[in-house]
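[1] generate coordinates for the sequence data below:
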Amino acid sequence: MIPVFPKFIKLSFEHKPHVEKHVLKHPPYSDFNFTSLISWGGEETYLSELNSNLVIRLRDYLTNEPFYTFIGINLVNQTIKTLLYESKKNGLHPKLKLIPEAVLKADPQILHQFEIQEDRDNFDYIYLLEEAKDFKGNQHRDKRNFINRFKRLYQSSHQLLDIANPQIRTEMLNLFYHWQKLKDRTDKEVENELFAIKKVLQLGKRLNLICIGIYIEKKLVAFSINEILTDGYTMNLFEKADTNYQGIFPYLRSITARYLIDLDGQLLSHEQDLGIEGLRKSKMSYGPKFFLKKYTISHKTSSA
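    Alright, predicted model coming up:
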C-alpha cells in the first residue's frame, strides 16, 4: 500500500499495481510509467497519496535535486497548495515539476492562481508506428535513404531478445559500453542510464517488455527495449547501436515499429529530450505526431 501524505514509502516492485491504479487513468506520461520509475528512479523515488492523487518525490534527471510531482484530478488546487507548502517547509525549491497536462485540464481555475509554465524539455514525443515502419513521404526521405544504405551495405538479421537469458544480457551491456566509447562519454555521464538499463534487465520477465536486437555476423549491433502499454500506446525505454554501421538507428526504429504493430501497437512514446540539443534535434527529425505536455507550477511572484 501507498501511505497518505505527508508519509512516504520508498518505491519497490510491489507497488506496481498501486502506481498503475493511478496512472492508467491518464495518457502514458513517461515520468509516471512504473518501469521508468523503478529503473530511472534509483534508490531515491518515494510515493505517497494526497487527495486520492499519486504524489512522487523524485530527483531531477540532470541536477539530482529532489522535488515533488503528482498525477490525478482530485482537489487539484488544494493538492498544489499543500505540495508547494511542503516543498518550502522541507527546504526544497518551491516548484512542482513534471505536472501532466491532464492535471491542469481538471481545474482550469489554477491557471489564474499559480505560476504555470510549459516544461518543453520534458514533453514526451509521440510517434505513429505506421509512419515509423516505412518512413513514407517527403518529410522522411532522409530516414529512408539511411535505411536503404544500411540494407545495401550490411547483411543483418533481427529477432526478439530474451532478456532472461544471461548471455543476451551480457551482449546488450557490452553493446552499451561500446556505444559509450563511441560517444566518448565518461562513466559519470552514463551512470544513471546504465543503472536504469541494468535494473530493467534484472527485472526481466516481471515487466511487459519487447526487446528487439539487430545482428550482423552473429554480433549484436543494435537493440531497443520497449513496453506495451494500453490504448494502443507503446513506449521506447532504451535503444543503443553501434554507429559504425551507417543508418543503423533509423533501421532499428523501423524494425522496432514492425514488431510493435504486430502486437497491436499504434503509438510510440519516445520520452523527453531533457533540453539536450542533439537529442532534441534527433527526436524532432523523426516527425512526432504530438506531445504529451508537462508543466512546472509555483506561486505567483506577488504571493510567493
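
[2] can you pull the buried residues of stretch 245-255?
    For stretch 245-255, the neighbour count (16 or more other C-beta atoms under 10 Å) marks 245, 247-255 as buried. Bear in mind the C-beta positions are built from the backbone N, C-alpha and C, glycine included.

[3] just those residues: which are in helices?
    Of the buried residues of stretch 245-255, the ones assigned to helices by DSSP state H are 248-255.

[4] could these go into JSON lines alongside distance to M172?
    Shown next, in JSON lines, are those (distance: C-beta to C-beta, whole Å):
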{"residue": "I248", "distance to M172": "15"}
{"residue": "F249", "distance to M172": "16"}
{"residue": "P250", "distance to M172": "20"}
{"residue": "Y251", "distance to M172": "18"}
{"residue": "L252", "distance to M172": "13"}
{"residue": "R253", "distance to M172": "17"}
{"residue": "S254", "distance to M172": "20"}
{"residue": "I255", "distance to M172": "16"}
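
[5] pLDDT added to those residues, as a markdown table?
    Output for those, formatted as a markdown table (pLDDT from 0 to 100):
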| residue | pLDDT |
| --- | --- |
| I248 | 98 |
| F249 | 97 |
| P250 | 97 |
| Y251 | 98 |
| L252 | 98 |
| R253 | 98 |
| S254 | 98 |
| I255 | 98 |
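
[6] from the residues you listed, pick the one nearest S52.
    R253 (38.5 Å; C-beta to C-beta).

[7] got the contact list for the closest one?
    Contact partners of R253, counting by C-beta atoms under 8 Å, 6 or more residues apart in numbering, are 132, 143, 224, 239, 286.

[8] tell me the one of the residues you listed nearest H93?
    E239 (32.1 Å).

[9] of the ones in helices among the buried residues of stretch 245-255, closest to K198?
    Using C-beta to C-beta, L252 comes nearest to K198 of these, at 20.7 Å.

[10] just give the nearest non-adjacent residue to the closest one, would you?
    A222 (4.6 Å; C-beta to C-beta, 6 or more residues apart in numbering).

[11] from Y215, how far out is the one you found?
    With distances taken as C-beta to C-beta, to the nearest Å, A222 is found 9 Å from Y215.

[12] and for H112?
    Counting by C-beta to C-beta, the gap from H112 to Y215 is 57 Å.

[13] so these two - more neighbours on which side?
    Shown here are H112 and Y215; by other C-beta atoms under 10 Å, Y215 has more neighbours (16 against 8).

[14] secondary structure element holding that one?
    Y215 belongs to strand 209-216 when assigned by DSSP states H and E.

[15] and the buried residues of stretch 245-255 as CSV, adding distance to R57?
    As requested, the buried residues of stretch 245-255 are arranged in CSV below (distance: C-beta to C-beta, whole Å):
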residue, distance to R57
Y245, 41
G247, 42
I248, 38
F249, 34
P250, 38
Y251, 40
L252, 35
R253, 34
S254, 39
I255, 38
